[in-house]
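Enquirer: I would like to see how this sequence folds:
(chains A and B)
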Amino acid sequence: MQYWPFWIGALALGAVPLVHWLLLRRTLAVSGRFTALVDRLRHRDEPEPEAMSLDEMAEALREMVASEYGVDALETPSCGDDVPVADLRPPQTPKQHLAFFGALVLGGSISSLLAGSFGLTPTLHSSVFAEIAKGPVGSAVMLLGGGVLVGFGTRMAGGCTSGHGLCGVSRFQPGSFVATAAFFGMGVVTSFLLGGLR
Amino acid sequence: MKGETLRTAFVGFLMGAALSGIGFTDWGEVHAMFTFADLRLLFTFMGAVMILALGFFLIKKLSKKDPGWRPRLVHRGTLAGGALFGMGWAISGACPSIALVQLGEGQLGALYTLVGIFAGNWIYGAIHERHLRWSTGSCLDD
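Expert: Numbers count the residues shown, from 1 in each chain, chains lettered A, B, ... in the order given. The predicted model follows:
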């Protein structure tokens, strides 16, 4: 399989979060979109947050802060930086998260059709994966189990490859350095162990 | 903002097309990256981070207002969460966006991965709310 050389890939992968910021004024964070959708389902009996206006949301926030930490907490800003209120925006809607997800699928389809790498398979394309999984049961266990770890870990760490690895490290965020070092390091260890199963 | 859904989808499409073309969706390529058998994906990623460091620096420099980026601080879940994610990425060959792009390429096994990601995210959310409840060090959670 002929993939893009690293410098074309780097330009494309670097452009995506910048376009995301320029078009949406939000930093790219894909696992955050999963979290938003999951929480929408977990709290589906509560009113949708986007049904509130920004003023209502600010008022509700003040009330919550006052009841949790007392009225004094309202006087002292706890976020450190002075964030202009104009830049605060409500979270994206479930529909927008799903639009992003659907477009990721479509982008993969078009790109792979053009490259000639598209192909329907019940598992994955990789022959190395097939060697290690050793059959449909092993494949399902690896993908489902690995997926659970990905979902659990990204939410626990507060981000994934996009939010921490790309957007966090490039903005020199301490949490992103730790998370990226942790997932990369553990990825290396796990891959060497898996390689032993070939 | 008007048309935000369409713009969101546009960025998603670009990202999906790029990840597929790069081969980040290929389990074998990811395995080769993690075992240092092939450094192409590693250089791709590091190159992207360098481009972004310059891009975000310029955005911050040129914008009149503070962009209002929320800080990403170290908290009690950062290290352990990152490690669990790394293990899952090496096993499934997918980070959250990759699973969706794999599906688009016809790799239907990614459906298992997606179910797993949703389940894992759900489980951690429930555990955190009921038992852990530590601060993630940020005023605005994702």
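Enquirer: residue ranges with poor pLDDT in chain A?
Expert: A:1, A:48-51, A:75-88 (pLDDT under 70).
Enquirer: where exactly do the strands run in it?
Expert: Assignment of strands within chain A using DSSP state E yields no ranges at all.
Enquirer: Do you have the helices of chain A handy? List them.
Expert: Assigned helices in chain A, in chain order: A:6-24, A:30-42, A:54-69, A:94-115, A:127-133, A:136-157, A:174-195 (criterion: DSSP state H).
Enquirer: quick one: the second one near chain B?
Expert: What it means is helix A:30-42. Yes - using Cβ under 8 Å from any Cβ of the partner chain, we find that helix A:30-42 touches chain B at A:30-39, A:41-42. Using the backbone N, CA and C atoms, a C-beta is placed for each residue, glycine as well.
Enquirer: Just the buried residues of the residues you listed.
Expert: A:30-39 (16 or more other Cβ atoms under 10 Å in any protein chain shown).
Enquirer: Can you tell me which of the residues you listed is nearest chain B?
Expert: A:G32 (3.1 Å; Cβ to the nearest Cβ).
Enquirer: Figure out how far the longest helix seen in chain B is from the centre of its chain.
Expert: As assigned by DSSP H, the longest helix anywhere in chain B is helix B:40-62. Chain-centre distance of helix B:40-62: 15 Å, with Cα atoms, centre = their mean, to the nearest Å.
Enquirer: Now do whatever helix or strand comes next after it against helix A:174-195, angle only.
Expert: Using DSSP states H and E, the helix or strand that directly follows helix B:40-62 along the chain is helix B:78-92. Computed by axes from the mean of the first three to the mean of the last three Cα atoms, to 10 degrees, the angle separating helix B:78-92 from helix A:174-195 equals 40 degrees.
Enquirer: quick one: helix B:78-92 to chain centroid distance?
Expert: 12 Å.
Enquirer: which SSE is the residue nearest to B:L19 when sequence neighbours are not counted in?
Expert: Once flanking residues are discounted, B:L19 sits nearest to B:V101: 4.8 Å by Cβ to Cβ, 6 or more residues apart in numbering or on different chains. Per DSSP H and E, B:V101 falls inside helix B:96-104.
Enquirer: List the buried residues of the helix or strand following that helix.
Expert: Following helix B:96-104 in sequence order, the next helix or strand is helix B:110-127 (DSSP H and E). For helix B:110-127, the neighbour count (16+ other Cβ under 10 Å) marks B:110-122, B:124-125 as buried.
Enquirer: among those, which are in reach of chain A?
Expert: B:110, B:112-122, B:124-125.
Enquirer: Now flag whichever of those residues is closest to A:A179.
Expert: Each of those was scored against A:A179 by Cβ to Cβ, and B:Y124 proved nearest at 14.3 Å.
Enquirer: Assess the claim that that closest one and A:M156 are in contact.
Expert: Yes - applying Cβ atoms under 8 Å, one finds B:Y124 in contact with A:M156, separated by 5.3 Å.
Enquirer: hey, what's in contact with both of these two?
Expert: B:G81 (Cβ atoms under 8 Å, 6 or more residues apart in numbering or on different chains).
Enquirer: burial measure for A:L23, as a count.
Expert: 17 (other Cβ atoms under 10 Å in any protein chain shown).
Enquirer: Once you drop chain neighbours, what's closest to it?
Expert: Here the residue nearest A:L23, using Cβ to Cβ, 6+ apart, is B:R7, at 4.5 Å.
Enquirer: How about A:G187?
Expert: A:G187's closest residue in space is B:G86 (Cβ to Cβ, 6+ apart), at 4.0 Å.
Enquirer: next one: A:F6
Expert: Using Cβ to Cβ, 6+ apart, the nearest residue to A:F6 is B:F43, at 3.9 Å.
Enquirer: swap in A:G151?
Expert: Counting by Cβ to Cβ, 6+ apart, B:G120 is the residue found nearest to A:G151 once chain neighbours are left out, at 2.6 Å.
Enquirer: likewise B:S92?
Expert: Looking at B:S92 with Cβ to Cβ, 6+ apart, the closest residue is A:G146, at 2.8 Å.
Enquirer: Was I right to think that neighbour contacts B:W89?
Expert: Yes - applying Cβ under 8 Å, one finds A:G146 in contact with B:W89, separated by 7.4 Å.
Enquirer: could you dump stretch B:42-59 to CSV, C-alpha only?
Expert: Below are the C-alpha coordinates for stretch B:42-59, written out as CSV (Å, rounded to 0.1, in the frame of the first residue of the first chain):
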residue,chain,number,x,y,z
LEU,B,42,6.1,9.2,13.6
PHE,B,43,7.6,11.9,11.4
THR,B,44,4.1,12.7,10.0
PHE,B,45,2.8,13.3,13.5
MET,B,46,5.9,15.2,14.7
GLY,B,47,5.8,17.4,11.5
ALA,B,48,2.1,18.1,12.1
VAL,B,49,2.8,19.2,15.7
MET,B,50,5.6,21.5,14.5
ILE,B,51,3.3,23.1,11.9
LEU,B,52,0.6,23.5,14.6
ALA,B,53,3.0,25.0,17.0
LEU,B,54,3.7,27.7,14.4
GLY,B,55,0.1,28.0,13.4
PHE,B,56,-1.3,28.4,16.9
PHE,B,57,1.5,30.8,17.8
LEU,B,58,0.5,33.0,14.8
ILE,B,59,-3.2,32.7,15.6
